[in-house]
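Asks: model the structure of this input:
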Amino acid sequence: MRVLHAIHDFLPRHRAGSEIYAFELARQQALQDDVFVLAAEYDPAAAHGTLRWRTVGGLTVIEVVNNWEFRSFEDTYSSPRMNAQLAHALDAVRPDVLHVHNLLNLSFDLPRLARERGAVVAATVHDYTLVCPSGGQRVHVAEEHVCAEIDPVRCSRCFVQSPWYSQMSAGRLTRASAGRVIGRAGLLLRRLAPATAVAAARSIGAAPVLPSDIRRRLACARHVFETVDLFVAPSASIGAELVRLGVDDGRVEISDYGFARSPASTRVARDAGSPVRIGFVGTLVWHKGVHVLLDAARLLEGSFEIHLHGDASTFPEYVAALRRAAARLPVVFHGGFDRREVAHIYGALDVLAVPSLWPENSPLVIHEAFMHGVPVVGSRTGGIPDLVTDGVNGLLADPFSADSLRNALRRLLADSGLRERLAAASPPVKSIAEDAAEWQARYQSLRRRHVAMERADAPIETASETRASGGYL
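Replies: Take a look at the predicted model:
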């Protein structure tokens, strides 16, 4: 079987949860199938739409350069240029199955293009990108508002305040070949002076985004709902929300992620009076709530340290604000890390904090903490309560509330026995091999159904037509 995984971006540059999961699943499937990855990459040094091939961990990756050189908001999700390049990739791979992880940076038309070429389409739902144009978290950052409903008026305000609008504005500079030089300079500026880079991009100005633009995008998303044969939701929370948004519940299955087994962590021995190590592992971005963790730390008494493990260059403006907030607090910024360091990272932690603000799906870091025996304090939102039972295998705190998070952390600082009991109650975690076997069964089921439907739709030949074609009755 030929399987093509499609995702908004990919390793090694991008190392968030969905990229890691897609990589591990694809690598496991490659033990028996022909597996490819299709991903976008932002590279203003290259022409927009460039297709290039590379390998990551033995996987063949088809990379399409998306510099957001779009003339309209519609191009951000349905671009003729991107569609043409994605069609080339599909024609080259000829997949039996398109496995969608995220259509951001690619095209909402990709499932249709794949089905037109005879592939079946399955999707892992990692976030709300289909209905939330500002990154898929359903959080309006400027208003600190979680969007229970998709409101086109609010969405239009949110998008123009998001990094995506800044990127769309900056894309205007790189449409000309000379612009690629400016684009490279922009990348350097973004690393050295993030606030200045954002202001410069906004000063260029892309076209305004109106509520009517958002409504058209939502209509296109509903078409995606119809062209995907099966949606797999890693949490009951996001599965129920998919149905509420309009996906037929007969095409939604709840099944959590599988995980590659890393070496068992070795607990770092420390004296009884050593500070309790509270860790955050993941992308340093606003909707992950790291600033709330720092606010809670400012209210927290006792001996503790905060250890932040995440790439500081992905959202540099936010990280700069975190560094300012961390002044005079026992906070260590460790930066990005190689996956081979995971066991060591968790082995050095006493508590993992997951202070997410958005309705999380099924955070990979919580599963990793379970596998390495680290108790979790998570936000009471989205799929986190599906994993963490308050007082049984972790503690829950109210999202956005530094006081609530402080209270949960204070309990763990004061009671080492509680930390040990919560860690000991960590549930088992599905292996990536089990997950791959489940996906194999789904693919085969979808293919059988596809073949049966093709046969049912095929015209019935008459006897004369059969003889004319050289066949026999």
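Asks: what about the strands in the stretch 1-150 of the chain?
Replies: 2-7, 34-41, 51-56, 59-65, 97-100, 120-124, 139-140, 145-146 (DSSP state E, counting those that start in this stretch).
Asks: and the ones you listed, which is most packed in?
Replies: strand 97-100 (a mean of 26; mean count of other CB atoms under 10 Å). To be clear about C-beta, it is placed using only N, CA and C from the backbone, and glycine gets the same treatment.
Asks: can you name every helix or strand that that strand contacts?
Replies: Packing partners of strand 97-100 (3 or more CB pairs under 8 Å, 6 or more residues apart in numbering; DSSP states H and E): strand 2-7, helix 110-116, strand 120-124, helix 432-457.
Asks: just the residues contacting the second one, thanks.
Replies: Among residues not part of helix 110-116, those counted as contacts by CB atoms under 8 Å, 6 or more residues apart in numbering are 4, 6, 83, 86-87, 90, 95, 98, 100, 103, 107, 121, 123, 223-224, 227-228.
Asks: returning to that earlier point: would you reformat the strands of the stretch 1-150 of the chain as a markdown table and include distance to V209?
Replies: Formatted as a markdown table, the strands of the stretch 1-150 of the chain follow (distance: least, CB to CB, whole Å):
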| stretch | distance to V209 |
| --- | --- |
| strand 2-7 | 25 |
| strand 34-41 | 20 |
| strand 51-56 | 28 |
| strand 59-65 | 23 |
| strand 97-100 | 24 |
| strand 120-124 | 26 |
| strand 139-140 | 14 |
| strand 145-146 | 17 |
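Asks: nearest to S313, of these?
Replies: Across those, the minimum distance to S313, taken as CB to CB, is reached by strand 34-41, at 15.1 Å.
Asks: that closest one pairs with which strands, parallel or anti?
Replies: strand 2-7 (parallel), strand 59-65 (parallel) (DSSP bridges).
Asks: neighbours of A46, just the number please.
Replies: A46 has 16 neighbours, counted by other CB atoms under 10 Å.
Asks: wait, it sits on V65?
Replies: Yes. With contact defined as CB atoms under 8 Å, A46 reaches V65; the gap is 4.7 Å.
Asks: mutual contacts of those two, please.
Replies: Common contacts of A46 and V65 (CB under 8 Å, 6+ apart): R52.
Asks: about what we covered before: which of the helices and strands packed on strand 97-100 has the lowest mean pLDDT?
Replies: Lowest mean pLDDT within the helices and strands packed on strand 97-100: helix 432-457, at a mean of 93.
Asks: which residues does the spatially closest residue to L4 that is not a sequence neighbour contact?
Replies: Closest residue to L4 apart from its sequence neighbours, by CB to CB, 6 or more residues apart in numbering: P95 at 3.8 Å. Contact partners of P95, counting by CB under 8 Å, 6+ apart, are R2, V3, L4, F36, A114, A119.
Asks: could you export the host helix or strand of A221 as CSV, CA atoms only?
Replies: Per DSSP states H and E, A221 falls inside helix 211-227. In CSV, the C-alpha atoms belonging to helix 211-227 read as follows (Å, rounded to 0.1, in the frame of the first residue of the first chain):
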residue,chain,number,x,y,z
PRO,A,211,-16.6,38.4,8.0
SER,A,212,-17.8,37.4,4.5
ASP,A,213,-14.2,36.1,3.8
ILE,A,214,-14.5,33.9,7.0
ARG,A,215,-17.9,32.6,5.9
ARG,A,216,-16.5,31.5,2.5
ARG,A,217,-13.7,29.7,4.3
LEU,A,218,-16.1,27.9,6.6
ALA,A,219,-18.1,26.9,3.5
CYS,A,220,-14.9,25.4,2.0
ALA,A,221,-14.2,23.6,5.3
ARG,A,222,-17.7,22.0,5.1
HIS,A,223,-16.7,20.6,1.7
VAL,A,224,-13.6,19.1,3.4
PHE,A,225,-15.9,17.5,5.9
GLU,A,226,-17.6,15.8,3.0
THR,A,227,-14.4,14.7,1.1
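Asks: buried stuff in stretch 303-321?
Replies: Residues 304-312, 314-319, 321 are the ones in stretch 303-321 that count as buried (16 or more other CB atoms under 10 Å).
Asks: oh, I was asking about stretch 243-256
Replies: Buried residues in stretch 243-256 (16+ other CB under 10 Å): V247, R251, V252, I254, S255, D256.
Asks: quick revisit: the buried residues of stretch 303-321 in strands, which ones?
Replies: F304, E305, I306, H307, L308, H309 (DSSP state E).
Asks: contacts for stretch 141-156, please.
Replies: 131-134, 138-140, 157-158, 161-162, 209-215, 218, 245, 286-287, 357-359, 381, 399-400.
Asks: repeat for stretch 320-335
Replies: With CB under 8 Å, 6+ apart as the test, stretch 320-335 has contacts from 194-195, 275, 284, 290-291, 294-295, 297-298, 304-312, 319.
Asks: distance check, the spatially most central residue of the chain against H140.
Replies: Nearest to the geometric centre of the chain sits S18, at 4.1 Å (CA atoms, centre = their mean). Noted for S18: a distance of 22 Å to H140, by CB to CB, to the nearest Å.
Asks: thanks a lot, see you next time.
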